[in-house]
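Participant: Build me a structure from this.
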Amino acid sequence: MDVAGQLERLKALRAAGDLDEPEFKKAKKLTLGGDGYKVEALAKADVSQDVAPVGKVGILTAGGQAPCLASSIGALIERYTELYPSVDIICYVNGWAGVLLGESFLVTPQVRKQAATLHNHGGSPIGSSRVKLSNQEDCEKKGYVQAGVSAKEWAAGQIMRDRIDVLHTIGGTDTATAALGLSEYLATKGYKLTVVALPNTINQDCYPVRQTLGAWTAA
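Facilitator: Numbering: from 1, shown residues only. You can find the predicted model right below:
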């Protein structure tokens with residue numbers, strides 16, 4: 001997101017009451033790099049109508065393979081590109097393993113243009129795994145975290161380092177539950193992470209969702 005876009009986002013947060021005036025002025029100064037004289041120029045500049053409610057989005061697929069994983073990723077990229085093209089989107093490689101290892105990649109403009117092709121493919125183009133943040137022993141054994149380092153806390157640290165505002169998790173109940181726990185933990189640290197869990201499983205066990213992606217095509 002460019003400076004003008006960031007400034008518009010700050011204005012939206014102030015209007016919504018999420019930032020008071022002193023906080024707004026401080027954030028604006030940081031955004032402008034301390035150059036207050038730029039304010040008037042930015043105010044008069046043509047700013048994109050894309051006033052995104054978030055700055056950065058993360059996507060991951062976790063758990064077993066199921067139909068619609070690729071299509072779900074494609075749909076998310078298409079929709080964000082349509083509504084908020086300035087929002088950065090990163091994909092974590094191999095589910096929670098990618099979060100723990102800090103392995104991710106940015107969705108480039110070229111990928112955005114070709115996102116629709118994912119609807120014609122199966123599997124997960126960003127990789128998936130059965131790594132669970134709740135299984136501390138397994139995370140240590142496989143080298144995802146050092147001995148004595150909480151997997152959930154380490155994952156939370158990576159989310160903060162990546163500055164993720166919204167995390168889309170695509171998977172089953174375990175994936176959704178892990179994401180919820182991560183969000184709740186981050187909240188205790190004063191970091192707001194919005195989790196959007198997309199139920200994609202052949203098990204059809206994500207209550208109260210009546211029809212999970214993957215279940216119908218696997219039947």
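
Participant: For the residue positioned nearest the centre of the chain, give its distance to E137.
Facilitator: Note on the chain: the residue nearest the mean C-alpha position is G58, at 2.1 Å, using C-alpha atoms, centre = their mean. Distance of G58 to E137, given as C-beta to C-beta, to the nearest Å: 26 Å. C-betas here are computed from N, CA, C, even on glycine.

Participant: With I164 instead?
Facilitator: Distance from I164 to E137, counting by C-beta to C-beta: 27 Å.

Participant: Neighbour count for those two, which is higher?
Facilitator: I164 (26 against 9; other C-beta atoms under 10 Å).

Participant: Grab the nearest non-local neighbour of the more buried one.
Facilitator: G58 (4.3 Å; C-beta to C-beta, 6 or more residues apart in numbering).

Participant: I'd like the secondary structure assignment at that neighbour, please.
Facilitator: strand (DSSP: H, G, I helix; E, B strand; the rest coil).

Participant: beta partners for it?
Facilitator: Counting by DSSP bridges, G58 is bridged to I90, L167.

Participant: Give me the domain ranges for the protein.
Facilitator: 3-44, 56-218 (automatic domain parsing).

Participant: which regions of this structure lie under the pLDDT threshold?
Facilitator: 1-7, 18-19, 23-24, 26-52, 200-219 (pLDDT under 70).

Participant: please redo it, this time with the cut-off set to 80
Facilitator: For the chain, the stretches flagged by pLDDT under 80 are 1-53, 63-67, 172-173, 199-219.

Participant: residue contacts, D88?
Facilitator: D88 makes contact with 1, 55-57, 106-107, according to C-beta atoms under 8 Å, 6 or more residues apart in numbering.

Participant: Now do the phi/psi pair for it.
Facilitator: phi -80, psi 140 (degrees, to the nearest 10).

Participant: Show me where the protein has its strands.
Facilitator: Under the criterion DSSP state E, the chain contains strands at 56-61, 88-92, 104-106, 166-171, 194-199.
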